[in-house]
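Trainee: Pasting a predicted model and its sequence here:
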Amino acid sequence: MTPDEFVALLRDHWPRTLAELDPAAREELATALRRLADSTEPQAAQAALRTLRRILRALPDAHPVTRALRDGVRFAGTAGTAGTAGTADAPVLDRQPLLALLSSLHGPPPPDPVRARLLAAPALPADALGAATGNPGLIRLRHPELGDRYPLFQFEAGTGRPLPVVGVINRLLMADRDPWGAADWWLGGNRRLGGVPAELLGAVPDARLTLAARELVEGDH
């Protein structure tokens, strides 16, 4: 993957990427992007790309940009300059996409439609769970205004106890590391199951739900 291709990947997943970074990391990201856009020397461009890679390694494992980093982004992609064979060339870069990304870094992160949909689902606030807030088998979503929220489907109706099968599947989906991805699996349509997994709890065997999640995880490796 060349630097241009990597910038294109960032652009395609920009709202989700910004939402995963804290304000300090977004500021550092803006600085690195600006240095990359302004670079005229190969060393400066490569240094900016290395900084970008370091910042983005903080993203969850399931993030598409993280997968690209894990698979080996070739940051040394270069363009030759006529008559300069044997000299170091700067990475191939189209600066317009970089400038577009920079323009969106001012102010709060742009809304992510997937996150908005997940946050709209019924949920319990952290103060309603007590000690259960430390349960690694529960999905915890951070609402920008309401704080931590726990999707309601995870709990047994009338008792508030976490459903055992939900804990098993959440661990398979690594919900403690990528709660948004896990929530999207539960609250999105699933072709194999023929419905929304969260709505199928108690209606289909727990083993069938678990198998569908396991096949998804194993298919990613």
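Mentor: Great, that's in hand.

Trainee: if I've got this straight, A116 is in a helix?
Mentor: Yes. Under DSSP: H, G, I helix; E, B strand; the rest coil, A116 sits within a helix.

Trainee: burial count for it?
Mentor: 9 (other Cβ atoms under 10 Å). Using the backbone N, CA and C atoms, a C-beta is placed for each residue, glycine as well.

Trainee: cool, and A68?
Mentor: Counted with other Cβ under 10 Å, the neighbours of A68 add up to 18.

Trainee: Leaving aside the residues adjacent along the chain, what's closest to it?
Mentor: Nearest residue to A68, sequence neighbours excluded (Cβ to Cβ, 6 or more residues apart in numbering): L9, at 5.7 Å.

Trainee: does that neighbour sit in a helix or strand, and which one?
Mentor: helix 3-12 (DSSP states H and E).

Trainee: Check which helices and strands that helix sits against.
Mentor: helix 42-56, helix 64-71, helix 95-103 (3 or more Cβ pairs under 8 Å, 6 or more residues apart in numbering; DSSP states H and E).

Trainee: what's the least confident stretch among those helices?
Mentor: By mean pLDDT, the lowest-scoring of the helices and strands packed on helix 3-12 turns out to be helix 95-103, with a mean of 66.

Trainee: lowest average confidence, helix or strand, in this protein?
Mentor: Least confident helix or strand of the chain, by mean pLDDT, DSSP states H and E, is helix 95-103 with a mean of 66.

Trainee: What's the separation between L56 and L9?
Mentor: In this structure, L56 and L9 are 10 Å apart, going by Cβ to Cβ, to the nearest Å.

Trainee: Which strands border the longest strand along the chain, and is each parallel or antiparallel?
Mentor: As far as residue count goes, and with DSSP state E defining each element, the longest strand of the chain is strand 147-151. Under the criterion DSSP bridges, strand 147-151 sits next to strand 123-125 (antiparallel), strand 141-143 (antiparallel) in its sheet.

Trainee: returning to what we had before: and L56 and L9? which has more neighbours close in?
Mentor: L56 (22 against 18).

Trainee: list the contacts for that one?
Mentor: For L56, the set of contacting residues under the criterion of Cβ atoms under 8 Å, 6 or more residues apart in numbering consists of T17, L29, V65, T66, L69.

Trainee: again, 6 Å this time
Mentor: V65 (Cβ atoms under 6 Å, 6 or more residues apart in numbering).

Trainee: Likewise for L141?
Mentor: Contacts of L141 by Cβ under 6 Å, 6+ apart are R149, P179.

Trainee: Find me the pLDDT at it, would you?
Mentor: Per-residue confidence (pLDDT) for L141: 90.

Trainee: P122 versus that one, what's the distance?
Mentor: Look at L141 and P122: by Cβ to Cβ, they are 12 Å apart.

Trainee: Also D176?
Mentor: Applying Cβ to Cβ to D176 and P122 gives a distance of 21 Å.

Trainee: what about these two, which has more around it?
Mentor: D176 (15 against 9).

Trainee: ok, G130 to A121 distance?
Mentor: For G130 relative to A121 (Cβ to Cβ), the value is 21 Å.
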